[in-house]
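> My questions are about this predicted structure, shown below with the sequence.
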Amino acid sequence: MFTVSIDGLSAFAHTFWQQAGNAKVFLFYGEMGAGKTTIIEALCVAQGVKERMGSPTFSIINQYRYLENGAEKTIYHIDLYRLKDEQEIIQAGVEDSVYSGAICFVEWPQKAPSLFDDSAVKVFIDLVDETHRSIKIVLPHAV
């Protein structure tokens, strides 16, 4: 369990990646305004994403690129909030992104629980106050 301030996001992101190991799918749980997108953006920056990022609330899936050992890699940032059911989620191409082998961050995964297997890392974010968040990371082997 971490308590993270806005100023501490960069340090948290580096710690997160050390703990994540080879995991590829990360499920983010938290109320509206908890900071899911902001934390995901910090994680992307820590991976080396240089392009402009933003919430995929309306686009559903944002795709970012970074370099790893000289090879270009992809990160998918998915927001399921506006989608009404699993069928609509599958039609939006979410399943293809989740099983692509690329890093995949998913906000509002509770909208399609059967889409994710036990290898996904669960990240629970709660408001502590205006500038601090409590973040709990549940790794697959700890489930």
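Looks like it arrived, so ask away.
> What residues sit buried inside stretch 34-53?
34-47, 49, 53 (16 or more other Cβ atoms under 10 Å). Glycine gets a C-beta too; all of them are placed from N, C-alpha and C.
> so which of those comes closest to residue 65?
Checking the buried residues of stretch 34-53 against residue 65 with Cβ to Cβ, the nearest one is residue 49 at 7.0 Å.
> Next up, the contacts around that closest one.
64-66, 75 (Cβ atoms under 8 Å, 6 or more residues apart in numbering).
> how about 10 Å then?
Counting by Cβ atoms under 10 Å, 6 or more residues apart in numbering, residue 49 makes contact with 41, 43, 64-67, 73-75, 77, 103.
> ok but it is inside a strand, no?
No: according to DSSP: H, G, I helix; E, B strand; the rest coil, residue 49 belongs to no strand; its state is coil.
> What are the phi and psi values at it?
phi -70, psi 130 (degrees, to the nearest 10).
> Please tell me how far it sits from residue 75.
6 Å (Cβ to Cβ, to the nearest Å).
> what is in contact with these two at once?
43, 64-66, 103.
> Now the two most distant members of those residues.
43 and 65 (14.6 Å).
> Now do the strands in the protein.
2-5, 25-29, 61-68, 71-79, 103-107, 121-129, 132-138 (DSSP state E).
> Out of these, indicate the one that is most buried.
Among the strands of the chain, strand 103-107 has the highest mean neighbour count (mean count of other Cβ atoms under 10 Å), at a mean of 25.
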